[in-house]
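Chemist: Let's see this in three dimensions:
(2 chains)
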Amino acid sequence: MAELLDALAVALKAGIGFQAVFFALLAIGLNIQFGYTGLLNFGQIAFAMLGGYGIAISVAQWGLPFWVGVLIGIAAAVVLALLLGIPTLRLRADYLAIATIAAAEGLRLTFRSVSATPITAGTRGLSGFSDPFVELAPWDTARRYSILGTRWSGADLWVTLVGWLLVALACLLVWLLVRSPWGRVVKSIREDEDAVRALGKNVYVYKMQALVLGGVLGALGGMIYAVGTASATPDQYQNANTFLAYAALILGGAARVLGPVIGAMLLYFIIQFADTGLRTLIGNGVIPENLLSATDVAQIRFVIIGLGLILLLIFRPQGIFGDRREVMLDAR
Amino acid sequence: MPAEPTPSGAHAMSTTGTGGPPKRLAQAALRNLPWEVGVAKPDPAIVVDGVVRTFGGLTAVSVDHLEIQRGGITGLIGPNGAGKTTLFNLLTGFDQPDGGTWSFDGRSLGKLSPHQVARLGVVRTFQLTKALSRLTVLQNMLLGAQGQKGESFLRALVPGIWRAQEKANTEKAMDLLRRFKLDAKKDDFAGTLSGGQRKLLEMARALMSDPKVVMLDEPMAGVNPALTQSLLGHVKDLREQGMTVVFVEHDMDVVRDISDWVVVMAAGKVIAEGPPESISQNKAVVDAYLGAHHDAPLTIEDEDRVLAEAEAAISREEHADDVRRPDRKHEKGTDR
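Modeler: From the prediction side, this is the model:
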């Protein structure tokens, strides 16, 4: 029992740790793009990678100040959004989906390629760029702190705190936007672009704004992740993360301000609890070794997530915060 | 559809706010025009010149000259596939033609995108109603308002900038919703409305933008007769408020009831125009709808001639068969 409580504590820590912040920011970005505007961005992780590497390359390779790295990361995400949006946003929704998924995979492979090694350090990745940020912490980052039965290093605590502040600001921004006439226009674009065009709105500009804003939030998520892990390697930014962020968004409820945040916390909590919980159960012999070995756990936890999502879509398709009436309208 | 459209007294909506008998200035202005294709109107709002649109080998629209009278209701009719909706799409920027010019109030509309056309005051509805399902009826209406400060990204973040305008727009939207008897539904999702209510909502939403020209693509399609009467009243209202209305419709009773001028299209071309009473007598129109010679009774001589022609054709065919395959007959004879 005590072991399971420990597993719960570990999962709780994961649910509020910087990884959850990472997914929350990715999912908030996707919420603006997919939830409100109806854009299918299947390469959100590319924006995160540009954010993380923006800092990593600027600081570790070029010796620039940390905050210049932040600005470079954001600028890179804006440029990527424009590059992806300019040719595809005048076309049907599918084209953006294709372009983004290809860009995400292509960028990751480019960053880990041999020819990019002088800049990105290839698969080895970059490190040692997060110190200027960690030093800003108002407490001793070398010490370990105990909060609610979980152990945190001072640096983790600082990154996580700043991360949640960013999430709070992002939520405030989304909340302000979606209750404004701007939000009304993008929601209308999600419903029917042509109707919005016929009423004199420049649909293209609104879609571009949504794509850029969501991409910048994704970049901020990537920065938190890079600073949290104190390293940037291309394979941290596998495109599976984009789909985990979508899972978080759907779990919490799309087109709801807090949906992606709660979804991300819950998703990371479940992943971590399944992992530690199963390992504990295998370790103390409750689950026999020949049925499930500790090495299978890494895969099994995603099976559990998948199963959970299927059940969610059957019994609560609107997610935790969604409005069932709204979701059911499509079925008519 | 009712064969005898009731006069305006039946729809209370149609005379609200005017205080007198409806003025049909456009009808009077168009009274003395010749009934011919491409005739110049006294005060045209929209002028179309040589607009051609082809899809591969098919010429969907090819209009040499067409003028639409300001302040009038112009009905656009024609059989299926005549190019009515394509012409609508071209005029509102949703489609670009292969050639030609068209203008509104003397301003060329060529190369303008749909939202630019809409901002000039030419607003359209769609054949397949485009209600924004997951927005409430009121939000649908508010979307139609033009020049909203809060629709710019940065100003949206400061509610103080747009709140007053939003309030004014909401009042205007509620007025319109009351006129269209949708005010009780203002907080319902538009997706829960019936087909007819969606048509009403779409028309009301278009009016939120204070348009000068309203283009209605089959406003009565799929709407029950009672609602048709109410929609008709609303369309007449638009004319009384000085708007120019162009509408596509298949129901001839409706067209006769409200149009000041009717334009008939077939196979992409304008084949006739004139006041509604002129149309049913027009031979080109009748031919376009029913096919040529559809109602000429055959005399005995005609019948004999047709029969003889048919027989000749058959024998020619048989002969041609023989010529083409002489050996086949031969085989048949010698085989076995």
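Chemist: Could you use CA atoms for every contact and neighbour count after this?
Modeler: OK.
Chemist: Run through the strands of the stretch 151-300 of chain A in chain order.
Modeler: A:231-232 (DSSP state E, counting those that start in this stretch).
Chemist: For it, what lies in contact range of chain B?
Modeler: A:173, A:176-177, A:180-185, A:187-188, A:191-192, A:195-202, A:209 (C-alpha under 8 Å from any C-alpha of the partner chain).
Chemist: Look at B:R155 and give its secondary structure.
Modeler: State at B:R155, reduced to three classes by DSSP: H, G, I helix; E, B strand; the rest coil: helix.
Chemist: so who does it touch?
Modeler: B:K149, B:I161, B:W162 (C-alpha atoms under 8 Å, 6 or more residues apart in numbering or on different chains).
Chemist: swap in A:S146?
Modeler: Counting by C-alpha under 8 Å, 6+ apart, A:S146 has contacts A:W152.
Chemist: wait, is it part of a helix?
Modeler: No: A:S146: not assigned to a helix; according to three-state DSSP it is strand.
Chemist: so how far is A:L12 from it?
Modeler: 13 Å (C-alpha to C-alpha, to the nearest Å).
Chemist: And B:V286, what's its pLDDT?
Modeler: B:V286 is assigned a pLDDT of 78 by the prediction.
Chemist: Secondary structure element holding residue 313?
Modeler: This is for chain A. Following DSSP states H and E, one finds A:L313 within helix A:297-315.
Chemist: wait, chain B
Modeler: Counting by DSSP H and E, B:A313 is part of helix B:300-324.
Chemist: just B:V48 next, same as before
Modeler: strand B:44-55.
Chemist: For the closest residue to A:F133 other than its chain neighbours, grab the count of nearby residues.
Modeler: Nearest residue to A:F133, sequence neighbours excluded (C-alpha to C-alpha, 6 or more residues apart in numbering or on different chains): A:F66, at 7.1 Å. A:F66 is flanked by 20 other residues according to other C-alpha atoms under 10 Å in any protein chain shown.
Chemist: now do A:R143
Modeler: Neighbour number of A:R143 under other C-alpha under 10 Å is 10.
Chemist: Give me the pLDDT value at it.
Modeler: A:R143 is given a pLDDT of 84.
Chemist: Surely it touches A:G154?
Modeler: Yes: using C-alpha atoms under 8 Å, A:R143 is in contact with A:G154, at 5.7 Å.
Chemist: Mind giving me the packing neighbours of the biggest helix by length in chain A?
Modeler: Ordering each helix of chain A by length in residues (DSSP state H) puts helix A:203-229 first. When contacts are defined as 3 or more C-alpha pairs under 8 Å, 6 or more residues apart in numbering or on different chains; DSSP states H and E, helix A:203-229 packs onto helix A:18-30, helix A:44-56, helix A:66-88, helix A:154-178, helix A:181-191, helix A:193-198.
Chemist: what are the ranges of the strands in the stretch 151-300 of chain B?
Modeler: B:213-217, B:244-248, B:261-266, B:269-274.
Chemist: buried ones in the last one?
Modeler: Buried residues in strand B:269-274, counted by 16 or more other C-alpha atoms under 10 Å in any protein chain shown: B:K269, B:V270, B:I271, B:A272, B:E273, B:G274.
Chemist: residues from the stretch 1-150 of chain B in reach of chain A?
Modeler: Near chain A, when you scan the stretch 1-150 of chain B using C-alpha under 8 Å from any C-alpha, you find B:92, B:114-119, B:123-125, B:130-135, B:139, B:143-144, B:146, B:148, B:150.
Chemist: Swap in 7 Å and give it another go.
Modeler: B:114-116, B:118-119, B:123-124, B:130, B:132-134, B:143-144, B:150 (C-alpha under 7 Å from any C-alpha of the partner chain).
Chemist: Throw the residues you listed into TSV and include pLDDT, thanks.
Modeler: Formatted as TSV, the residues of the stretch 1-150 of chain B next to chain A follow (pLDDT from 0 to 100):
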residue	pLDDT
B:P114	93
B:H115	93
B:Q116	93
B:A118	93
B:R119	93
B:V123	92
B:R124	92
B:K130	88
B:L132	91
B:S133	90
B:R134	91
B:L143	95
B:G144	93
B:G150	92
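Chemist: closest to A:A56 among those residues?
Modeler: B:G150 (37.8 Å; C-alpha to C-alpha).
Chemist: And the residue nearest the centre of chain B?
Modeler: B:V248 (1.9 Å; C-alpha atoms, centre = their mean).
Chemist: rewinding a little: pull out the C-alpha coordinates of the helix holding A:L313 and format them as PDB.
Modeler: The C-alpha atoms that make up helix A:297-315 are tabulated as PDB, following Å, rounded to 0.1, in the frame of the first residue of the first chain:
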ATOM      1  CA  VAL A 297       5.400  -1.100 -18.800                       C
ATOM      2  CA  ALA A 298       6.600   1.800 -21.000                       C
ATOM      3  CA  GLN A 299       4.400   0.500 -23.800                       C
ATOM      4  CA  ILE A 300       1.400  -0.600 -21.700                       C
ATOM      5  CA  ARG A 301       0.900   2.800 -20.200                       C
ATOM      6  CA  PHE A 302       0.100   4.200 -23.600                       C
ATOM      7  CA  VAL A 303      -2.300   1.400 -24.200                       C
ATOM      8  CA  ILE A 304      -4.000   2.400 -21.100                       C
ATOM      9  CA  ILE A 305      -4.100   6.000 -22.300                       C
ATOM     10  CA  GLY A 306      -5.600   4.900 -25.600                       C
ATOM     11  CA  LEU A 307      -8.200   2.800 -23.900                       C
ATOM     12  CA  GLY A 308      -9.100   5.700 -21.700                       C
ATOM     13  CA  LEU A 309      -9.500   8.000 -24.700                       C
ATOM     14  CA  ILE A 310     -11.800   5.500 -26.400                       C
ATOM     15  CA  LEU A 311     -14.000   5.300 -23.400                       C
ATOM     16  CA  LEU A 312     -14.000   9.000 -23.100                       C
ATOM     17  CA  LEU A 313     -15.100   9.500 -26.700                       C
ATOM     18  CA  ILE A 314     -17.900   7.000 -26.100                       C
ATOM     19  CA  PHE A 315     -19.200   8.200 -22.800                       C
END
